[in-house]
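Peer 1: quick one: sequence and predicted model below, then my questions.
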Amino acid sequence: MGRWARPTTRRIRHNVRRRELSTLGLDREALTALVDKTQNAVLIVRLNGPGLTELLFANQAFWSVIGYPEAPPGFRLSELRIDAIDPQVLGGIRDFLAGARDRGEITLRHRDGGRLEFEWQAIAIDVPLGPASRVFLVMRDVTAQRRAERALRDRQRFIERLTDAAPGLMFMFELSEPRILFINDSVSRTLGWSRDELLAMGKRVAFEILAPDELPGFAKYLMRRIRPDAPESVEVLVRFKRRDGEQIWVQAVDTVYERGPDGAPRVVLVSGQDVTAKRRASEFARERDRVQALAMLAGSLAHDFRNMLTTVVGNLELLSESEPLSRSARELVAEVLVSAEDAVQLTRELQAFTRPQTMRRTLTRVGPLLERSLRFAFRGSGLREGLEVPPGLWPAAVDAGQIRQVMHNLLLNAREALGERGGVTVRAQNRHDDHGEGVKPWVFIEVTDTGEGMSAELAARVFEPYITTKPRGSGLGLASCKKIVVDHGGRIELETAPGQGATFRLWLPAQPEAEVRAEPVARERGLPSRGRVLVMDDEEFVLRTVSRTLESLGYIVEVVRHGAECIARYRSVHELGGRFDLVVLDLTIRWGIGGLETLAALRAFDPSVLAIVHSAYGDSDVMSQPQHYGFAGAVEKPAVGPSLEQMITRLINARNAGRATPLP
C-alpha cells in the first residue's frame, strides 16, 4: 500500500471533522463575521482536478496580504501562481484527498509580483471528499519568517566560509555538556576527524581529542570557566591527540560567546594555532644549548680522564711485558687493560653524543666491535644476549667510533624495549646485495629483540627526528643512527609488529680483499739509542708514562710542560747544532700555548721539524687530518704502547734512511 491510502487515525479524524463542518450550514454573513476577526487568511475553495481552481470565499486578511484593498471582481486563484503549480503543492493536495495530510506550505504571487509564502491547514466541507469538493483553508503568511530563516542560513554559511578560510583553528564549545557546537575546516584537517565525526562525539569529545595527561587539567579548566565571575577570555596551551595518535600543541584563546542566566559562561569561542613546530624548534634550541654545555663538560672530562687512562694503560702495558711475571698475574693485567679500554669507549660515547663527529674511516674488524658493543650495553642487565658472527667476516672501511655509537643506540633501545625479561641477538654475515647501484659486498648486521614491537604507523616514522615513545626521550637516537649509516654509504631498515619484537638490519660497505694489519704482540726492549724525542704535555703523570715507555724502547726522552718551554728547549738544542728526531705535542695546554701554536713557532726556525700530535680530543679536525695542520701523524690518548711506538719508529726510521716523511 502507498502513502496515499493508509487507513490511519489521521483519516478517521478527517472524516469526523468533515461531518462536523457540513452540519454548520453556509450562511455567508455569519461566516464572514467570524473569519474577518482573524489575522490569518481564510478561504473556501472548490477542488477541480489536481489544483485549486475556484475561489468560493476569502476573508479580508487574505485580500490584504496579497495586495488588494477588497475582493476584485472575477478573481481567479490561478492569478496567484508563480509558474506552473509546484509539484510539492500537487503532492500535498493528493495527500489531502487521500486523507494522509491536512497541512503544508505554498508559494503565491503578490499583486505587485512579489513572492508570498504561506503555511496552510485544510478541512473538508463536503463528505465524502471528491474532485469537486469544497475545502476550508486557513493560511498563515510566513514570508518574513522564511526570509529571516534564509538570511540566517546565509549568514551561517558566510561565517562557515569565512572561518574555513582562516588559517587557524576555530571551534565553538559548550561548557556545560561539554561538547563541540561548531568547527572550521582547519580543526578537521589538523585533528584528522571529519566535521560530522567531531560534532557527533558529544560529551566524549575531550577523551577523544585531548592527550590523556591533559584530562585532569581540562577538568580543572571547566570548573574555573563556568563560574559567574569567570573572565571574558582565557589563554590556554593544550596538547591535542590526532586521530593517528600523534600529539600536537595548540596555543589558543577562548572568548565567552554566551552566558547563562546566572552570568556564568555557557558557550565559548576558541581560536588557536598549531604551535607544535614552534615548540619543537624551541625544544631543539634548548637541546642544542644543553648539548653544547654537555660538550664542553664532556670535552673537559674526556681530556682529563684519558690523561689518567694514559698512565693506567701505559704502566699496565709495561707491567705485562716485564720479567718475571706469573701467568695468573699477566691474566689479571690483561683483564684490567680490557676494562681500561671499556672506560675509553665510555668517553668516546659521551663525546659522540655531545659533539659533532668528524668521520675517520679505518679498516675495521666488525666482529670484535659487535662483541664489545653488546657486552658494554647489556652489562649488569640480567637479560639474554646472543652474538652470531661467522669466521671470516669481511672487514669494513668505517669510522669505528661512529659505528659503535650506532650499535650502542640500537642495543640500548632493545634493552629498554625488553624491560626485565627477554633477550636480544646480534647476527652478522657477508652478503652480496643490490640496493639500486648494482650488486656489492656488504657486512650485514641484524639486531633482534623479543620486546613488544611497535605499530606500522610508528615504524614508518621511527627514523625521523623527535619521534619517540619514551616519556623523556629526545627522539634523536635512531635519527642519528640512520644519518651515520647513510653517510657511510650503507643502509638501515626496521621490521616490527605489535607483540612481535623488532629487528634492525644494517648494511655496511665491505672490503673482502683487504687485510687488517695485526697489532704487534711483543716489543724489543733495551735497544741502543734509537733517537731523541721531545715530549710536551701539561700532565706530570702522562709525561712520566710516555717517557718511561719510550725510554724502554731505546729512545732518549726530554719532557716539557707547555709551549713556551718546548720552543725554548728545541731552539736551544737547535742553535747548539743538535736536533730532536721527533716532537710529541699535546693538542691543548691549560696554562699556555697548545700543540698547533707550538708547531707553528718551531717550524718558523726549523722547517724540517718532525712532530706528531698526542691528544684526548679524538674527534677534533687536527686529529682526523693531522697532515693538513703540519703534523706527521696523530695518536689518540690513552694510546701509549704499540700505537705510539709504531708511529714514532716508522717516522724516525724513514728520516734516518733519508726517505721523505709524510709532511704536507
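Peer 2: Structure's in. What do you need? Numbering: from 1, shown residues only.
Peer 1: partner strands of the host helix or strand of residue 440, with direction?
Peer 2: According to DSSP states H and E, residue 440 maps onto strand 439-449. Within its sheet, strand 439-449 is paired with strand 423-434 (antiparallel), strand 502-509 (antiparallel), according to DSSP bridges.
Peer 1: now the following helix or strand past that strand: how far from the chain's centre is it?
Peer 2: Where DSSP H and E defines the elements, the next helix or strand beyond strand 439-449 is helix 456-461. Counting by Cα atoms, centre = their mean, to the nearest Å, helix 456-461 is centred 11 Å from the centre of its parent chain.
Peer 1: same question, stretch 629-645
Peer 2: In terms of Cα atoms, centre = their mean, the centre of stretch 629-645 is found 43 Å from the chain centre.
Peer 1: distance between the ends of it?
Peer 2: One end of stretch 629-645 sits 22 Å from the other (Cα to Cα, to the nearest Å).
Peer 1: quick one: mean pLDDT over that stretch.
Peer 2: What stretch 629-645 shows for mean pLDDT is 78.
Peer 1: numbering from 40 from now on, please.
Peer 2: All set: I'll call the first residue 40, so the last point we hit is now stretch 668-684.
Peer 1: only the buried residues of that stretch, if you could.
Peer 2: Residues of stretch 668-684 classed as buried: 668-680, 683-684 (neighbour count, 16 or more other Cβ atoms under 10 Å). From N, CA and C alone the C-beta is placed, and that goes for glycine too.
Peer 1: near residue 189, how many other residues are there?
Peer 2: Residue crowding around residue 189 was assessed by other Cβ atoms under 10 Å; the count is 10.
Peer 1: what of residue 450?
Peer 2: 23.
Peer 1: what comes into contact with the strand holding residue 479?
Peer 2: Contact partners of strand 478-488, identified using Cβ atoms under 8 Å, 6 or more residues apart in numbering, comprise 405, 409, 432-435, 446, 449-450, 453, 456-457, 461-473, 529, 540-551.
Peer 1: so where do the strands sit in the stretch 240-389 of the chain?
Peer 2: 272-280, 286-298, 304-313 (DSSP state E, counting those that start in this stretch).
Peer 1: packing partners of the first one?
Peer 2: To tie it back to what came earlier, the one meant is strand 272-280. helix 244-248, helix 254-264, strand 286-298 (3 or more Cβ pairs under 8 Å, 6 or more residues apart in numbering; DSSP states H and E).
Peer 1: can you redo these as a markdown table with mean neighbour count, distance to residue 220 and mean pLDDT?
Peer 2: What follows is those, written out as a markdown table (neighbours: other Cβ atoms under 10 Å; distance: least, Cβ to Cβ, whole Å; pLDDT from 0 to 100):
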| stretch | mean neighbour count | distance to residue 220 | mean pLDDT |
| --- | --- | --- | --- |
| helix 244-248 | 17 | 11 | 90 |
| helix 254-264 | 13 | 15 | 90 |
| strand 286-298 | 16 | 9 | 90 |
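Peer 1: can I get the ones you listed in CSV with distance to residue 535?
Peer 2: As requested, these are exported to CSV (distance: least, Cβ to Cβ, whole Å):
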stretch, distance to residue 535
helix 244-248, 27
helix 254-264, 30
strand 286-298, 21
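Peer 1: to residue 206, which of these lies closest?
Peer 2: The closest of the helices and strands packed on strand 272-280 to residue 206 is strand 286-298. By Cβ to Cβ, the value is 13.2 Å.
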